[in-house]
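>>> with the sequence up front, the predicted model follows.
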Amino acid sequence: QCLVPGIRRVQDLCKVLQLPAVFEETAVSYFQRALQHPSFHLVSLEKKELLGGCCVFVTCRQHNWPLTMGTICSLLYAKQELFASVYLSLQKELQLSVPALSLGDLLRTHLDSCRLFQPSPDVPAAFVEDKEKLLSRALQVLELAGDTWLVTGRHPVPVLTAAAFLSWQSLRPGPRLPCALRRFCRLAGLALAPPAHLRLKELLDVLLAMASRLAWLKMFELDKKTVVKHLGELLQHRVFLLKQAFCAQGEERGAA
């Protein structure tokens, strides 16, 4: 009774996520194997409905495809705790090997198709950047985002886009600061998810809070444009500055 609707659900999910055909075939195969396994015969209908999503998630993880549990749970209207328990059971019972997927892996995948790494008639010369330099700095920005809870429970792609944009601007601020996020994404060939503007604003707020703690930056009247020029310095002193900023926030709350 669950097999045919379940397979359709897996296929629909793959189409919504625009996954390659081979992913769909693998996910359907895992789903069929799971339903035949005794461990899943007596589970609740709710868990059986999540099983298909877990098969899609496993397949994406095995191919280093940038899909997170939060995203797939949103599509399935599922609680992450329940989804995670079904996912772990599936992995264990079918003995599936799933590599750990870090934000760094996601970033590399996200930037693989970026068009700013090679000179092109469509891209101003000052906008072309070395791939490894951009990846290195963007990874540091992602660590900062993780430290300040900007990543937790959110779809990662908007954070990746915001981190890449800030890093790209900071590596050559003179000609790049006037470039808006929308134009950057268009030139780079990156999709602009609506929350990316919010993640960018949050990252800039964090940078300004950190800059206010560095003595030699206090003499500048920094704003959300000019603080990007000092991103390298701020990342060098990241841990020290975050501790100071959080202590200050705690004191302000205590005083209030």
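Perfect, thanks for sending it. It should be emphasised that the depicted structure is a prediction, and the values quoted were computed from it without experimental measurement.
>>> now for residue 164, how many residues are close by?
Using other CB atoms under 10 Å, the number of residues around residue 164 comes to 27. Every residue, glycine included, has its C-beta placed from N, CA and C.
>>> and it, what element?
Element membership for residue 164 (DSSP states H and E) is helix 156-171.
>>> show me what that helix packs onto, helices and strands only.
Contacts of helix 156-171 with other secondary structure elements, assessed using 3 or more CB pairs under 8 Å, 6 or more residues apart in numbering; DSSP states H and E, are made with helix 103-111, helix 131-147, helix 181-188, helix 195-211, helix 231-236.
>>> what's the next secondary structure element after it?
Following helix 156-171 in sequence order, the next helix or strand is helix 173-176 (DSSP H and E).
>>> now do the buried residues in that next one.
For helix 173-176, the neighbour count (16 or more other CB atoms under 10 Å) marks 173, 176 as buried.
>>> before we move on, the earlier item: list the buried residues of the helix holding residue 164.
Under 16+ other CB under 10 Å, the buried positions of helix 156-171 are 156-171.
>>> equivalent analysis for stretch 127-136, please.
Of the residues in stretch 127-136, those buried by neighbour count under the rule 16+ other CB under 10 Å are 127, 129, 134, 135.
>>> report the central residue of the protein.
Nearest residue to the geometric centre of the chain (CA atoms, centre = their mean): residue 156, 2.0 Å.
>>> where does pLDDT dip in the stretch 51-200 of the chain?
Low-confidence segments of the stretch 51-200 of the chain, defined by pLDDT under 70, are located at 66, 70, 100-102, 147-154.
>>> as TSV, the buried residues of stretch 127-136 with distance to residue 200 would be great.
Below are the buried residues of stretch 127-136 laid out as TSV (distance: CB to CB, whole Å):
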residue	distance to residue 200
127	18
129	18
134	16
135	18
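>>> give me the three-state assignment for residue 219.
Put simply, residue 219 is coil when judged by DSSP: H, G, I helix; E, B strand; the rest coil.
>>> which residues touch residue 69?
For residue 69, the residues meeting the contact criterion (CB atoms under 8 Å, 6 or more residues apart in numbering) are 57, 80, 83, 84, 87.
>>> ok, residue 184 next?
Residue 184 sits next to 165, 168, 190 when contact means CB under 8 Å, 6+ apart.
>>> rewinding a little: so which of the contacts of residue 69 wins on neighbours?
When those are compared by neighbour count (other CB under 10 Å), residue 57 ends up highest, at 28 neighbours.
>>> need the contact list for that residue.
67, 69, 72, 87.
>>> and of those, the nearest to residue 37?
Comparing these against residue 37 with CB to CB picks out residue 87 as the nearest, at 14.4 Å.
>>> nearest residue to that closest one in space, please, no chain neighbours.
The shortest distance from residue 87 to any non-neighbouring residue, by CB to CB, 6 or more residues apart in numbering, is to residue 54 (4.4 Å).
>>> residues in contact with the one you found?
The contact partners of residue 54, by CB under 8 Å, 6+ apart, come to 83, 86, 87, 90.
>>> and those residues, which is closest to residue 36?
residue 90 (12.7 Å).
>>> helix or strand right after whichever strand or helix holds residue 15?
Residue 15 belongs to helix 3-16 when elements are defined using DSSP H and E. Tracing the chain past helix 3-16, the next element assigned as helix or strand by DSSP H and E is helix 21-36.
>>> what about that next one, distance to the chain center?
With CA atoms, centre = their mean, to the nearest Å as the basis, the distance from the averaged C-alpha position of helix 21-36 to the chain average is 26 Å.
>>> helices or strands up against it?
Counting by 3+ CB pairs under 8 Å, 6+ apart, the packing neighbours recorded for helix 21-36 are helix 3-16, helix 45-62, helix 80-93.
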